[in-house]
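Novice: what shape does this take:
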Amino acid sequence: MLIIWHMATSVKDPMHLSKRERQIMELIYGRSEATAEEIAAALPDPPSTTAVRTMLTILERKGHIVHRKQSRQFVYRSTRPRQQVARSALRRLITTFFDGSLDRAVAAFMADPKSKLSPEQIDRLRELIDEASKQKEK
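Specialist: Numbers count the residues shown, from 1 in each chain. Model prediction:
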């Protein structure tokens, strides 16, 4: 019996980003704003500037970026702060892979031998847990 799995990734899903779109967003977040030429120059194995412009148009259509005109160029920036996007992505990840369970996600991370937490990171996690506990008591 032959089973064919089809990965249903809707292009119409505005939250879905291709690898190249994620790279572009990382560059925009890192610089606050950037032109197509700056992005093309900074990308690994860069596509043509025309291809970058096409991807920028797609990202703009999806609502991730906006542009303003500066001289003869468009300058692009994110529509939402990086931290807000990161929280949203983390929520989707936890919902998708850990049935919405933060403790399962953290346990999976901690069980990975490649995940080595420094003493400072462990202290910071304890502080965050203490703060969350105090907030629940209020």
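Novice: use CA for all of it now, contacts and neighbours both
Specialist: Noted.
Novice: number of nearby residues for the closest residue to Pro47 other than its chain neighbours?
Specialist: Of all residues not flanking Pro47 in the chain, Ala40 sits nearest, at 6.8 Å (Cα to Cα, 6 or more residues apart in numbering). As a burial measure, Ala40 scores 20 neighbours (other Cα atoms under 10 Å).
Novice: ok, now the one 3 residues further on?
Specialist: When neighbours are counted by other Cα under 10 Å, Leu43 registers 14.
Novice: check what pLDDT it gets.
Specialist: Note on Leu43: pLDDT of 95.
Novice: so it sits right up against Glu21, yeah?
Specialist: No. Using Cα atoms under 8 Å, Leu43 is not in contact with Glu21, being 10.7 Å away.
Novice: over to the residue nearest to Pro47: give its phi and psi.
Specialist: phi -60, psi -40 (degrees, to the nearest 10).
Novice: quick one: it and Ser48 touch, right?
Specialist: Yes. Under the criterion of Cα under 8 Å, Ala40 makes contact with Ser48 at 7.0 Å.
Novice: name the helices or strands packed onto the helix or strand where Thr57 lies?
Specialist: Counting by DSSP states H and E, the element that carries Thr57 is helix 49-61. In terms of contacts (3 or more Cα pairs under 8 Å, 6 or more residues apart in numbering; DSSP states H and E), helix 49-61 is packed against helix 36-42, strand 65-70.
Novice: repeat that for 7 Å
Specialist: When contacts are defined as 3 or more Cα pairs under 7 Å, 6 or more residues apart in numbering; DSSP states H and E, helix 49-61 packs onto helix 36-42.
Novice: can I get the CA coordinates of the helix it packs on in CSV?
Specialist: Below are the C-alpha coordinates for helix 36-42, written out as CSV (Å, rounded to 0.1, in the frame of the first residue of the first chain):
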residue,chain,number,x,y,z
ALA,A,36,15.7,45.8,-1.6
GLU,A,37,19.3,46.4,-2.7
GLU,A,38,20.5,46.3,1.0
ILE,A,39,18.6,43.1,1.5
ALA,A,40,19.8,41.4,-1.7
ALA,A,41,23.4,42.3,-0.7
ALA,A,42,23.1,40.8,2.8
